[in-house]
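Participant: got a predicted model here, sequence first, then my questions.
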Amino acid sequence: MKKLLEQIALTKPNELYIVDYKGCLIKLKCPFLVEATESLGSLQQGCKYEVLSVKISVRLETVYQINNSYYLYNSFEII
């Protein structure tokens, strides 16, 4: 648990590290674009949105800030 807390402390809300289809590590800086894979509240499936920040929820899940709300990352595809 201590190691996990250390990693969370090192995360920055304006950056997200991902591994692309070639296995390369890429750092994305906010804002970046995503496409909704499902409709969530006022967000429509298939529409593109800007991620303003990336955070870790109290349940230790990655969430994206879009407009003034937070959504689980797995409801979006990075484009």
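Facilitator: It's in.

Participant: just the helices in the protein please.
Facilitator: 2-10 (DSSP state H).

Participant: what residue is smack in the middle of it?
Facilitator: Central residue of the chain (Cα atoms, centre = their mean): Tyr64, 4.1 Å from the mean position.

Participant: what residues are up against that residue?
Facilitator: When contacts are counted by Cβ atoms under 8 Å, 6 or more residues apart in numbering, Tyr64 touches Val34, Val51, Ser53, Val54, Tyr70, Tyr71, Leu72, Tyr73, Phe76. C-beta: built from backbone N, CA, C; applies to glycine.

Participant: who's the residue lying closest to the first one once chain neighbours are set aside bridged to?
Facilitator: When you say that, I think you mean Val34. Nearest residue to Val34 in three dimensions, chain neighbours excluded: Phe76, at 3.8 Å (Cβ to Cβ, 6 or more residues apart in numbering). Listed by DSSP bridges, the beta-bridge partners for Phe76 are Ala36.

Participant: OK, contacts around Phe76?
Facilitator: Contact analysis of Phe76 by Cβ under 8 Å, 6+ apart lists Val34, Glu35, Ala36, Thr37, Tyr49, Val51, Tyr64.

Participant: picking that back up, burial of the nearest residue to the residue nearest to the centre of the chain once chain neighbours are set aside, as a residue count?
Facilitator: Nearest in space to Tyr64, with sequence neighbours left out and distances taken as Cβ to Cβ, 6+ apart, is Val51 at 4.4 Å. Val51 has 21 neighbours, counted by other Cβ atoms under 10 Å.
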